[in-house]
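Colleague: Pasting the sequence and the predicted coordinates here, then a few questions.
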Amino acid sequence: MKYELTERPRRLRTKPVLRRMVRETRMSVDSLIYPFFVVEGEGIKEEIETMPGQYRWSIDRLPELLDELEEHEVYSVLLFGVPDHKDETGSGAYDDNGIIQKALRFIKKKYPEMFCITDICMCEYTSHGHCGILCGEYVDNDKTLEMLNRIAVSHAKAGADMVAPSDMMDGRIGAMREALDEAGFVNIPIMSYAVKYASAFYGPFRDAAGSAPSFGDRKSYQMDFHNVREAIKEAQLDVEEGADILMVKPGMAYLDVLTKVKEYTERPVALYSVSGEYSMIKAGAKLGFIDEKKIIGESAVCMFRAGADILITYFACEIADLIRKGEIG
Ligand code: PBG
């Protein structure tokens, strides 16, 4: 029997060298950012129950983590602070002696190569767990902007290389750019959590950071996951206001959004594969239902394939290993 096949796509899949040659997506450790949590106190490396393999670190023990990251050639980190004291206005967030400010000074002194990005938000620092200043039960947008500016400037003073506002207030990028410039930090870039949805995928993070809202939810400021055109609106506003990098968050279930944002902008686009995504893979692997390493690698590749220029992931070291071994990339 003779088949008149003119195209045989399988031809390019016959040998590993050839498959690697024609790959459309290339991976680099340079594009990975590792997020972690810093707590007050000493001698603390406390495992986060809902995120096995992730820890809350006191500053004195950070070298264990930072050495491991450097061994994997991961040189970018995203810092989250878990303070001892919380209050109505989240004052710990802009205290020059706050947990993040101290951690930044420590890291920049001992690990000058590490590129330190800081999350700018209030939910870890407010007694009510919301991302801003309350007016009744509503988060007041414009009052919150002033606080966010103070946090950003305080982080920059302590040595932050880049700031990443995650609060989802309107107008925050423009306001923050102006505040940073006025304080002399014209060269500190802003990576905006431009497209951040109100998502149950943040559940484990809120355990880790103790930042769950004490009442209500975040739906009056974070985006509704039914929407995608709104993502372009948010991205557009942040570009106009001066965001240097746009972020989409969460990752896995939101890759359509990522692709659309990437098509819209010429700016670098980051994707945050969040805590719930990490925990699902960990839980599935622990039960023996999935192959952990393969799922980590495949998911990461798909995120880049969908348009990510940068990936923020708790699996940064694992992905770096997979790239080095040639299993992905
Ligand atoms: C702070 C913030 C959150 C995350 C990043 N920054 C939590 C939230 O918005 O409730 C989530 C990250 C993750 O789940 O890994 N606002």
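Modeller: Done, it's in. Numbers count the residues shown, from 1 in each chain.
Colleague: From now on I want contacts and neighbour counts done on CA atoms only, so please keep to that.
Modeller: Noted.
Colleague: mind listing what Arg150 touches?
Modeller: Listed by Cα atoms under 8 Å, 6 or more residues apart in numbering, the contact partners of Arg150 are Tyr94.
Colleague: ok now the helix or strand hosting it, how far from the chain's centre?
Modeller: According to DSSP states H and E, Arg150 maps onto helix 141-158. Relative to its chain's centre, helix 141-158 lies at 19 Å (Cα atoms, centre = their mean, to the nearest Å).
Colleague: Show me which residues of that helix are buried.
Modeller: With burial defined by 16 or more other Cα atoms under 10 Å, the residues of helix 141-158 counted as buried are 141-142, 144-145, 147-158.
Colleague: Contacts made by stretch 305-325 with the rest, please.
Modeller: Applying Cα under 8 Å, 6+ apart, the contact partners of stretch 305-325 are 24-25, 27-29, 31-36, 54, 69, 72-74, 255-256, 258-259, 262, 268-275, 278, 293, 296-297, 300, 303-304, 328-329.
Colleague: Sorry, wrong one. I was asking about stretch 213-230.
Modeller: 123, 128-130, 167-169, 195-199, 257.
Colleague: top of those residues by neighbour count?
Modeller: His130 (29 neighbours; other Cα atoms under 10 Å).
Colleague: can I assume that one is in contact with Cys123?
Modeller: Yes. With contact defined as Cα atoms under 8 Å, His130 reaches Cys123; the gap is 4.8 Å.
Colleague: how about Val139, phi and psi?
Modeller: Val139 has phi and psi values of phi -80, psi 120 when expressed as degrees, to the nearest 10.
Colleague: Up against the ligand, what does the protein have?
Modeller: Cys121, Cys123, Ser166, Asp167, Tyr202, Phe205, Val274, Ser275 (Cα under 6 Å from any ligand atom).
Colleague: at 8 Å what do you get?
Modeller: Remark: the part of the chain in contact with the ligand comprises 35, 80, 119-124, 131, 166-167, 198-199, 201-206, 211-212, 218, 222, 250, 272-276, 314, using Cα under 8 Å from any ligand atom.
Colleague: So which of those belong to strands?
Modeller: The strands, defined by DSSP state E, take in Pro35, Phe80, Asp119, Ile120, Tyr272, Ser273 from the residues of the chain next to the ligand.
Colleague: For burial, what's the neighbour tally of the second one?
Modeller: Just to be clear, that refers to Phe80. Neighbours of Phe80 (other Cα under 10 Å): 23.
Colleague: and what of the first one?
Modeller: Pro35 is flanked by 22 other residues according to other Cα under 10 Å.
Colleague: what do you get for Ser192?
Modeller: Ser192 has 29 nearby residues by other Cα under 10 Å.
Colleague: give me the element it is part of.
Modeller: Per DSSP H and E: Ser192 is located in strand 191-196.
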